[in-house]
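Peer 1: Sequence first, predicted coordinates after that:
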Amino acid sequence: MQRKFLTYCLLFFLPVILGYGLMEFLSRDLPSAFKTNEAYLGREQENFQTLVLGSSQMQNAVNPAELEATLNVASGDQHHDTDFKLLKAFQQRLPKLKTVVLEVSYSHFELPHNGPDFWKNALYLKYYDVNCYERNTYFKDRLIYLSHPKFFSKKIVSHFIEKEQNEMFNEFGFNTNNYQGQFKKLGYDEEKIAAMPRFKINTEPNLAVFEANTALFYEMLDFIAEKDMEVVICKVPMYKTYHAKKNPDILRRRDSILSDALDRYSNITLLDAETDTLNYVVKDYWNQSHLNPRGAKKFTAQLNEVLESLED
């Protein structure tokens with residue numbers, strides 16, 4: 001009776017296990033910045049001098065192909081607490097690291113941190129061998145499909161079934177084909193873009209989050225200073241309609257922290273292109289808050305000038 005029960009259990013669970021195994025295999029076979037960066041780290045770990053952190057704004061704005069010995073591990077929805085975990089891990093593994101590039105967007109200090117349950121923790125562990133869970137890890141913590149089945153299922157259908165090739169990563173982990181955004185769909189028509197009823201921007205103040213986030217920000221800056229490294233803080237370009245939607249109190253608090261940080265630390269350089277509407281035009285943007293590769297070429301050139309100035 002017991003053997004029959006075990007046989008039934010095996011017959012029931014085996015297809016489920018095989019199905020999840022297939023989805024995990026396909027998820028790992030998808031093109032991604034994480035997978036490309038893993039290979040890049042394997043080739044150049046001993047040579048990296050600059051580490052780029054941040055959210056999708058920085059991921060889309062900085063093409064390491066145009067920079068010297070630079071690793072960009074910025075990623076969508078990645079916040080300062082995850083940046084700090086990555087920084088501490090990579091600081092030990094990159095012997096020539098001397099410059100850290102951070103993002104401080106308009107509402108960075110009033111958006112909640114990722115925390116130990118952030119779904120991308122599985123990707124950081126699998127591809128970078130960095131534990132962001134804040135606990136001991138287990139086998140399942142490296143299974144990326146289980147970290148976000150809906151996200152990966154959609155990607156699998158798009159890439160393997162519908163044969164869409166929207167993402168084309170160069171050997172440095174940058175998506176060189178990242179043009180298919182809202183602005184291109186609207187034909188870069190500025191009147192249509194201005195008429196858009198809404199877009200993603202945080203306008204809700206949160207003073208409790210502000211206090212927690214700024215405390216960690218200063219902790220991260222202290223860490224970088226103790227390691228005798230330079231910091232470049234970036235305010236990435238935003239399209240002109242974005243600025244009109246900003247909450248002035250959130251903006252004022254962010255700028256007051258940056259001003260204070262520049263006074264406190266001698267190793268900080270600010271790269272402020274946030275409101276640059278002269279060099280950055282509509283065809284440089286993916287949407288209101290993200291550059292496309294054309295815009296990234298301009299921003300990467302600006303960042304390169306800053307990095308070269310630190311060598312003087």
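Peer 2: Thanks, I have the structure now.

Peer 1: surely residue 224 meets residue 100?
Peer 2: Yes: judged on CB atoms under 8 Å, residue 224 makes contact with residue 100 at a distance of 5.5 Å. (Glycine included, C-beta is placed from N, CA and C.)

Peer 1: So for those two, which residue has more residues nearby?
Peer 2: Each of residue 224 and residue 100 has its neighbours counted (other CB atoms under 10 Å); residue 100 has more, 24 against 20.

Peer 1: Send me stretch 201-219 as CSV with only the CA atoms.
Peer 2: The C-alpha coordinates for stretch 201-219 follow below in CSV (Å, rounded to 0.1, in the frame of the first residue of the first chain):
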residue,chain,number,x,y,z
ILE,A,201,6.5,59.2,-11.5
ASN,A,202,6.3,59.3,-7.7
THR,A,203,4.6,62.3,-6.3
GLU,A,204,3.7,61.0,-2.9
PRO,A,205,6.0,62.3,-0.1
ASN,A,206,7.1,59.8,2.6
LEU,A,207,9.1,61.4,5.4
ALA,A,208,9.6,58.1,7.2
VAL,A,209,11.1,56.5,4.1
PHE,A,210,13.1,59.7,3.5
GLU,A,211,14.8,59.4,7.0
ALA,A,212,15.6,55.7,6.5
ASN,A,213,16.9,56.1,3.0
THR,A,214,19.1,59.1,3.7
ALA,A,215,20.6,57.3,6.7
LEU,A,216,21.6,54.4,4.5
PHE,A,217,22.8,56.7,1.8
TYR,A,218,25.3,58.4,4.2
GLU,A,219,26.3,54.9,5.4
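
Peer 1: Just give me how far that stretch sits from the chain centre.
Peer 2: Put simply, stretch 201-219 sits 18 Å off its chain's centre (CA atoms, centre = their mean, to the nearest Å).

Peer 1: can you give me the strands for the chain?
Peer 2: Residue ranges of the strands in the chain, as given by DSSP state E, are 50-52, 70-72, 99-103, 230-235, 268-272, 285-287, 290-291.

Peer 1: So what touches the fourth one?
Peer 2: Judged by CB atoms under 8 Å, 6 or more residues apart in numbering, the contacts made with strand 230-235 from elsewhere in the structure are 54, 58, 61, 98-105, 221, 224, 258, 261, 265, 267-274, 303, 306-307, 310.
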